[in-house]
Each structure stands twice: as C-alpha cells, then as structure tokens.
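In: Just to be clear, the model below is a prediction. Sequence and coordinates:
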There are 2 protein chains.
Amino acid sequence: MPVKCISVLLLLLQLSCCFSSGSCGKVLVWPMEFSHWMNMKTILDALVQQGHEVTVLRSSASIVIGSNNESGIKFETFHTSYRKDEIENFFMDWFYKMIYNVSIESYWETFSLTKMVILKYSDICEDICKEVILNKKLMTKLQESRFDVVLADPVSPGGELLAELLKIPLVYSLRGFVGYMLQKHGGGLLLPPSYVPVMMSGLGSQMTFMERVQNLLCVLYFDFWFPKFNEKRWDQFYSEVLGRPVTFLELMGKADMWLIRSYWDLEFPRPLLPNFDFIGGLHCKPAKPLPQEMEDFVQSSGEEGVVVFSLGSMISNLTEERANVIASALAQLPQKVLWRFEGKKPDMLGSNTRLYKWIPQNDLLGHPKTKAFITHGGANGVFEAIYHGIPMVGLPLFGDQLDNIVYMKAKGAAVKLNLKTMSSADLLNALKTVINDPSYKENAMTLSRIHHDQPMKPLDRAVFWIEYVMRHKGAKHLRVAAHDLTWYQYHSLDVIGFLLACVAITTYLIVKCCLLVYRYVLGAGKKKKRD
Amino acid sequence: MPVKCISVLLLLLQLSCCFSSGSCGKVLVWPMEFSHWMNMKTILDALVQQGHEVTVLRSSASIVIGSNNESGIKFETFHTSYRKDEIENFFMDWFYKMIYNVSIESYWETFSLTKMVILKYSDICEDICKEVILNKKLMTKLQESRFDVVLADPVSPGGELLAELLKIPLVYSLRGFVGYMLQKHGGGLLLPPSYVPVMMSGLGSQMTFMERVQNLLCVLYFDFWFPKFNEKRWDQFYSEVLGRPVTFLELMGKADMWLIRSYWDLEFPRPLLPNFDFIGGLHCKPAKPLPQEMEDFVQSSGEEGVVVFSLGSMISNLTEERANVIASALAQLPQKVLWRFEGKKPDMLGSNTRLYKWIPQNDLLGHPKTKAFITHGGANGVFEAIYHGIPMVGLPLFGDQLDNIVYMKAKGAAVKLNLKTMSSADLLNALKTVINDPSYKENAMTLSRIHHDQPMKPLDRAVFWIEYVMRHKGAKHLRVAAHDLTWYQYHSLDVIGFLLACVAITTYLIVKCCLLVYRYVLGAGKKKKRD
C-alpha cells in the first residue's frame, strides 16, 4: 500500500512538473553508445522527471544503452543482424589501434585511421538504420505513437531521417565531430580557420603562423578529402526512402536545435548560431559520499591527499609494460592513488595505489582530499574535473581527447603526456607539477568558477530547449537562411562572379569606346593631312 | 517615521538582493541620448534595485539623460562648451532632413546623409569626450571612485577610453550601427553577406540574387567607404591620451560583453559570438491601467477597438499636408485612434481621433482593445508591439527603422508605407489589412510567444552579464582570439599566400627538374645520333 501511495505521489509530482513547464511531450531518442549515451541519459532522466514520455530506440546489439534498466525511460528494442560482440569488437579494435598503432599527435596516421574507422562505422550505422526503416511494424508503431520531437546524437546517423519520416522536429546533442564537419556542413556554421583550431587538430587558441598553416591545411583536408560518414551512400539511402533527391547534410540542416556538449571553460570562444547552445558538463553534480572502504582509503592519505586515475569507460586495460611504467611512477608519490584498472596487477604497483574495476569518478573528483586527476581527456571526465576544480595530467588517446587536454594545458590546468612514450619520470614529474605548483589549482578553480556561473544550469538549458522545440513545434525562426543556399551562393561566389563580369564588361566597353574615338580622331587627322 | 522605516526596509531589501547576486558593484555609465537612454535606463533601474551603485556621466548639454530626476541613479554632470539647444538642433536637423529631404529607400541619398551626420556627430562626441578626459578634477574623482565596470553605448564613443583609463572591464549595450560595423570591426563578428542583410540595407532574409548583389555592394561600401565615426581622428585622440599607438576599434575590441538590443523575434538569425547576448525588448512589461480619460475613450470604441499611432519620442510634429493625409485616413476607420502629435490640429481630423502630447505607449499596446499600431519602426516601439502581439503599419524614417519594419513585414506582422509619399487611401488600406486580415494578428501573436519564451528574461540577462563581468573582473574567456589578429591574418591571407608560394615554388622546381632531365635525355640522344 505505501508503495502504491509513493507511486501515486510520484505520478502527481511528474504531472505537476509537466504542467508547470507547458505540457507533457513525447520524446523519441536516437542515441549513440558509450560516453555519448551516459551524457544523453542525464538529459533523458531530467526529461522524465519533468513528466515527459521518453522512448529510446536501441538495437538488439546495443552495448551500454539500456543496460542498466534505466527507470522511467522506455526502450524500444529492434532486431539487428549484428551481434553485440561484433559491434563491441569493432569499437575496441579501433580504440586499441588508436592507442598502440598510431600516434595521436601524428596528423596523417590519426586522420587516416579515423577515416577508415568512420567509413566502416558508417556502413554499420546504415545497416542498422535500414533495419529500423524497413521494419514496417516498428515504423507503424512509431508513427502511431505521435512523438513530439526526435532527440538524436548525430554521430550516429539516422535521427534526421526518422524526424523527416515522422514529420516532427529534431534536436541534436553532440560534443563534436572530426573537423567540426557536422556543425559546419550540417549546421551552417562558419568557423574562421585563422583563430578557431579545428576539432582533432590538437591546436589551441593563440596559434603561431605555422600553426595557422597547419590549421588551414586541416580545414582543407576535412572539407575536401574527409568523409562526412560515407555521405554519398547516405544521400542515396535517404533519397530512396523519401522518394525524392535529398542529401544527408540537407536533412541534418533541418535540425531545430543543436545542443553542444561543450562550454567556454573547456573550449576557446568561437562563433555560434542562434540555434546552437552549449550544455557541456550537464552531468556534473556535487559529490556524494564515497563507499566506506574507499572513504577510509582516501582519509588514510592524510594531508597529502589522493590522485584519481581513469582512462574512461572504454579503456580499462593496458599492456603490462605500460601498466608498470605507470605503477612505478604512482608508487613514488606521497599521495594515495585510486586507479580504475581491470588488467593484470602490475608488478611495480606501490602500496599507496589501489586498483578498482569501477570508481565513482564524480564523487572522487569532488572529494576535498583529491589533488589531481590522471585522465585520457574524455569530455565527461574533463568537465567533472573542471566542475570540482581539479588539475589534470592528460594522456589523450583518440577522438576529441587530444583537443580537450590541449585546451586544458593552454588554460594552465593540465600537463599533457603521451601514454605510449612517456617514462615513469615523466608521469611523476607531471603529477608533482600539477599538485605542487599552485597555479594549476588556481587555474582549475578559475575554470570551475566560470563553469558554475552561467545564466542557467547546462542541464536546465538542455531541457528548456527540448521542451521549447516541442512547445513551438520546431524552432525554424532560430535557423539561419544559410541552409537555403548552395555552397557557391553561401560564399557569395555567384554574386562576386556577376560583379566581376559587370566590371569586365564595363571596362571592355569603355576601352572599346576610347579606341573607337581614338581611331575616329586619328582617321580624321590623317584625312585632314591628306587633304 | 514610517517614511524612515520604509527607507530602512528598502535599503535592507537592496542589500539582500545585492548579496544574493554576489556583491554590490559600482557601475559607471557612458550613455547616449533619446531612445538609447530610455532603454539603458531600464537596465540601470534594475541594477539599482539589485543594490548596485550606478553613476551616469552626463554633459551639461544632455537632452533627456537625467531629465526626470531618476531615483536611485547618481548623475555626474560635467561642463561642456556645447549648449543643450545646439545638440538638440543638430539631431532635429538630421531627423527632419531624413524625413523630408531624402528617401529612406534610396540607398545613396540615405547613406550619404547618414555619413555626413555621423562625421559631424563624431566631432561633437570627440569634443565632449575631450572635455571629460581633460577635466582633471572629474577624472581624479572617477579614479578614486573605484568603479567595477563601465557600461557604455558604443554609438556615443568614449566609453572604451574611460574603461581603459580606469583599468576596469567594459560592457556595451547597443541596438546596432550602420552596416553592423561596430559589431564586425569592433566586436570581431563575421557576418556572411550571402544571407545576413546588412544593417540599414532595408533587405530581409531570403534575399533574391539581385538583393544579394545589393547586400554585398552595401557591405563593400560600409567596409571601405563609410566612416566608423571619424575613426582616424579617434585613433589619434586615443593614442595621445594613452601615450601609445592605439586605434579606436582596438579599444572597442576589448569590450568584455556586447548586450545587443535585439532578438530573433525581430531579426533574422545570424552568427554571434560567445560574448554577445541579445536583450531586445527588455523594457517591455505588462500593461498598467490607463489614465481614466484615456480608458473611457478606448472603451468607447466598443467592438471595433482602437489604433495607436506614434512616431516615437523624437518626432511629434509633421507638415500640415502630411498631417491631413494621415488624419483623413484615420477619420475613415471604424476604430477610435490615439495619436501622439504636437503639431497644429489637422483640418481633416475625424471625431474618432484624439491627439495626445504624450501616450503611455506600452500600456496602450497591451490594452485588450488595441487592434493596430502605426509606428515609425523604432526598436523600442516595435518590441512593445511584439511583446503584446499587435500588428503594425510601419512608416520608417531613419536609422534602423527601415530594417525593423522590413523584418516585421517579412514575418507577416506589418505593412510598410512611405510617410512622404503615401496617400490617405494607402494608409487606410494598410490599416484595414492589418486589422481585418487575421494572419497579421496570428503572426504578431507568434512573435509574441517567441518573445515571451526565452530561457531567461532579457532584462535579467542584461543584469546577469553586467554582474558577471563585475564578479569575474572581465570576461576575457568569452572574447574570440580574432582580436589579436591583423585583418589579413584574420582572413588567413598570409597563410593562403604562404601556401600558394609553396605550391608555386614546388611546381617551379618540378618543372625545372623535368626540363633538366628532358634536356639531358635530349642531349644524350643527340650525342648518340652524332656518334
């Protein structure tokens, strides 16, 4: 009976929240795996709390999506011909290739591997997307459900097609994509290469001349030689489904709102558009108490405090050699260390270091005893460190991680190392620097203050814009007219060509007239002479 | 005694507001006259209410600034050699020239008059600014006052120099400037001419090819032939005062925050920067009851309702001929009309029309009986109409008014007429259209809904950012690195030049090598032949 009462109370609470924010809506979610999902789930939980009905489309091969029986969120599981381990192996293969086969600081190695992976990943996404679209029963169910909005992660293409087929607005949530390509070519954003370091270039703001050369080369490479997924195939697929010629980027450009998982504490300022909002760090929250065993270990560090070490949700293992290099450095610290690691216990592991298969990262970073964070530079972890004002040692592996760590280094809150090549001494010195040089803590605290001082909390903003799009049935009044122009119109090339042609014709006519007059005068002169 | 109690209570309330938002700050204001001041005063009142100390620098020739004994705001009046009537005549001369001598729809007439006026106005501003800077007593007082921020209207230059001299952050509040020049060249904003109709071009979004040609020509004209005030003289003046070579635009670029008095209900979406926020319509508020005589007149309109007519705070008179054309049209309406007019009563004035020297415009526009608004298209009035969802007939006169009315027309909430050339029938038809065609009311209501549905109210946002800049002693982390680049670096011209040179040298070397090899092979062949 009390359970029933609580349920009724919760329902009433949901309804009241719902009414206070307008009306309850139905949100269809097209998610992406791993940290992308963890971030999006925070938004979905908040939407559920506001009384909205949230339905997540997940394939039968989903890795982390819906694996924790998320309460309140509905999951619509569709069958795919892929197996979970196939998808998992694909990602793991990429991650470990990125860690051991290439250097993240070598453009061409990284870019060509990323290009290869994106093409392969694009094929997987296309297959899965086809399995949804061609699943008549599922599509009829979705049509009949009368959703109000599609919330999609554009790094997993398909959401834009769903929104188009269901004739409902579209909201994107993303951290970014190689070369900012989706924001630029899908979102219509113009980013001057002179001061906006392109995503995955590993460049910070305040670029030198040669860095600006590098950045422009990266921009040209991404614009002309890098696939926006396997876009030709997506164009064909979307055109076939919709029965009219349409491009993948054209459908992306219809998005009503782009919720970017970043903010100016992490990134350097760059232009944005009215339908772009920055919601980075929306998952961060004050620390909760640690499990007793962990709290006891942390407290045992005394004045020296602790160091937290994690390479993110995807990498929990390392080669024996690398693990020992790290363990040996950590062993020399006066601090206690909590290391998320699932591999074989390194021989060099010091008594001050404890291995954990899982750590409550946000709670640890928010613990008053935490002095530093060794991180791979994933945006979620970096935002947690910013939120709690913890200096970092960054060991970037792939994706946006290099950029994140380069930005943190440029802002004086991190030291960057190379996981593949660093020695024990390098790691030890880096940790000593960020712990003992007070400027790192000060800079981290400055970033923390910037993060906490926003007109509205990032999560509230994300919920506001999704509800806004539902309330107004889109947000086309926030979408720039750039989307209605071709690329040459957008860059005014047709207008410039026309004006140059006008100038050329006018010049030609003037010269011709002058010559005619000159010849006439010359002719008259000669005639006079002859006479 | 009760008055004392109330004062103490108010003080306590101020202090509590103040503490809740961080700490009380000291704001120095460098304002601009007329509607600019009316808008800025709303922000200042809100700042005073939050417990901040607000000091406005006004010259002894100020026209409307501080004329109403604004409570809570301090005025620091400095002596100027100009007389109030001189300044007033300068503006009135311009206004009436714009109304009667040129056509606002003729680019070259309007632009050349505006250019002339800006140059003359720039000289007045420079003289007044010098009178402040060279006033040692005043400057010492300002230095000793230890202000936290300068809030300036950049259309009245000088604020940026004050902030630099006092070594404090700078916040701008502006609606815009001819060709968006200040936002572009001072703020570092890149606006693609292909889809952003430049300010004062009178073009809307969704431009045709020929309109895009016009827009690009306007951009080129403003960028290369139009003065950003008398900028060479300002560069020299600022350099002399600061004792180092500095430009006017360089100092503008140091602004921490740009509060733009516009929003996407009025304007079409265009790129913005992280330190730009849109606060248009911050002065709008729910309607208060009308004075009894006015309310009786409005109520007497019955079902037909009323029409509100005002040409803004600066124009309260017209020629007899124009006044009669208007009066004759208004006389034929079934509605009652409230007309703000100070000139001679027109002979054709109908019994349904009443003339007022002053009208409570916002309260009238928010009255349920109001059906339409005849306006000159000033941003303040247009925002009030948007706020209350009232369709408009626009008679734009100068400045941004043509743009505002063109935007409202494009959004289906207004009909545009030309005050100088319209006939009575034109005005009557326009009024009948906006009153009787329900689409105008619907579109005005859509804009109203957009205006009311923002993550935070515009006025709260303006106060937030000013307090933010005081809390963080600036907001340099929101300022793009574009400001640190020269114009050719900003457009990557040096990088493009370098890359082209590399390509040219490489091509030259390859061709040279090929030729050498070819000659060698040819030489060897000939030698063989000879042998």
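Out: Sure thing, it's come through. In this text, all values refer to a predicted model and were calculated from it rather than measured experimentally.
In: Which of the three states applies to the residue in the stretch 101-250 of chain A that chain B sits nearest to?
Out: Chain B sits closest to residue A:195 of the stretch 101-250 of chain A, with a gap of 4.1 Å, by CB to the nearest CB. For every residue, glycine as well, the C-beta is placed using N, CA and C. Using DSSP: H, G, I helix; E, B strand; the rest coil, the structure places residue A:195 in coil.
In: What is the burial count for it?
Out: 25 (other CB atoms under 10 Å in any protein chain shown).
In: so what pLDDT did it get?
Out: Residue A:195 carries a pLDDT value of 95.
In: quick one, what contacts it?
Out: Counting by CB atoms under 8 Å, 6 or more residues apart in numbering or on different chains, residue A:195 makes contact with A:205, A:207, A:270, B:480, B:481, B:482, B:484, B:485, B:490.
In: Apply 6 Å and report the result again.
Out: B:481, B:482 (CB atoms under 6 Å, 6 or more residues apart in numbering or on different chains).
In: And for the one 5 residues further on?
Out: When contacts are counted by CB under 6 Å, 6+ apart, residue A:200 is found next to residue A:178.
In: Also residue A:407?
Out: Listed by CB under 6 Å, 6+ apart, the contact partners of residue A:407 are residue A:266.
In: again, 10 Å this time
Out: A:197, A:203-205, A:262, A:265-268, A:377, A:382, A:394, A:400, A:413-414, A:447 (CB atoms under 10 Å, 6 or more residues apart in numbering or on different chains).
In: element containing it, please.
Out: helix A:401-410 (DSSP states H and E).
In: Equivalent analysis for residue A:190, please.
Out: Applying DSSP H and E, one finds residue A:190 in no helix or strand.
In: which SS state does the nearest residue to residue A:179 once chain neighbours are set aside fall under?
Out: Nearest residue to residue A:179 in three dimensions, chain neighbours excluded: residue A:222, at 2.9 Å (CB to CB, 6 or more residues apart in numbering or on different chains). With three-state DSSP as the basis, the three-state label of residue A:222 is helix.
In: Contact partners for residue A:222?
Out: A:111, A:115, A:177-181, A:184-185, A:198-201, A:228.
In: Pull out the buried members of those.
Out: Among the contacts of residue A:222, those scoring as buried are A:111, A:115, A:177-181, A:184-185, A:198-201, A:228 (criterion: 16 or more other CB atoms under 10 Å in any protein chain shown).
In: of all these, which comes closest to residue B:74?
Out: Minimum distance to residue B:74 across the buried ones among the contacts of residue A:222 is 47.2 Å, recorded for residue A:180 (CB to CB).
In: Excluding chain neighbours, what is closest to the closest one?
Out: residue A:199 (4.8 Å).
In: what about the nearest residue to residue A:186 once chain neighbours are set aside, neighbour count?
Out: Take residue A:186 and drop its neighbours on the chain: the residue closest to it by CB to CB, 6+ apart is residue A:252, 3.3 Å away. Using other CB under 10 Å, residue A:252 has 25 other residues around it.
In: Now do the same for residue A:252: its pLDDT.
Out: Note for residue A:252: predicted pLDDT of 96.
In: got the phi/psi numbers for residue A:57?
Out: Main-chain torsions, residue A:57, degrees, to the nearest 10: phi -90, psi 110.
In: List the residues that contact it.
Out: Residue A:57 neighbours (CB under 10 Å, 6+ apart): A:28-31, A:65, A:75-78, A:128, A:132, A:138, A:142, A:150, A:152, A:158-159, A:162.
In: repeat for residue A:256
Out: Residue A:256 touches A:149-150, A:163, A:168-172, A:275, A:465-466, A:468-470, A:472-479, counting by CB under 10 Å, 6+ apart.
In: Could you list which of the contacts of residue A:407 also contact chain B?
Out: Intersecting the contacts of residue A:407 with the contacts of chain B gives A:197, A:204, A:205, A:265, A:267, A:268, A:447 (criterion: CB under 10 Å from any CB of the partner chain).
In: Not counting sequence-adjacent ones, nearest residue to the first one?
Out: Taking CB to CB, 6+ apart, and ignoring the residues beside it in sequence, residue A:197 has residue A:203 as its nearest neighbour in space, at 3.7 Å.
In: sec struct for that neighbour, please.
Out: Quick answer, by three-state DSSP: residue A:203 is coil.
In: What distance do you get for it to residue A:215?
Out: With distances taken as CB to CB, to the nearest Å, residue A:203 is found 6 Å from residue A:215.
In: Could you name every residue contacting both of those two?
Out: Common contact partners of residue A:203 and residue A:215 (CB under 10 Å, 6+ apart): A:196, A:197.
In: Please name the residues that touch the residue nearest to residue A:197.
Out: The contact partners of residue A:203, by CB under 10 Å, 6+ apart, come to A:196-197, A:211-212, A:214-215, A:218, A:268, A:402-403, A:406-407, A:410.
In: please redo it, this time with the cut-off set to 7 Å
Out: Neighbour list for residue A:203: A:197, A:211, A:214, A:215 [criterion: CB atoms under 7 Å, 6 or more residues apart in numbering or on different chains].
In: can you put the residues you listed in JSON lines and add secondary structure?
Out: Listed next are these as JSON lines, based on three-state DSSP:
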{"residue": "A:197", "secondary structure": "coil"}
{"residue": "A:211", "secondary structure": "helix"}
{"residue": "A:214", "secondary structure": "helix"}
{"residue": "A:215", "secondary structure": "helix"}
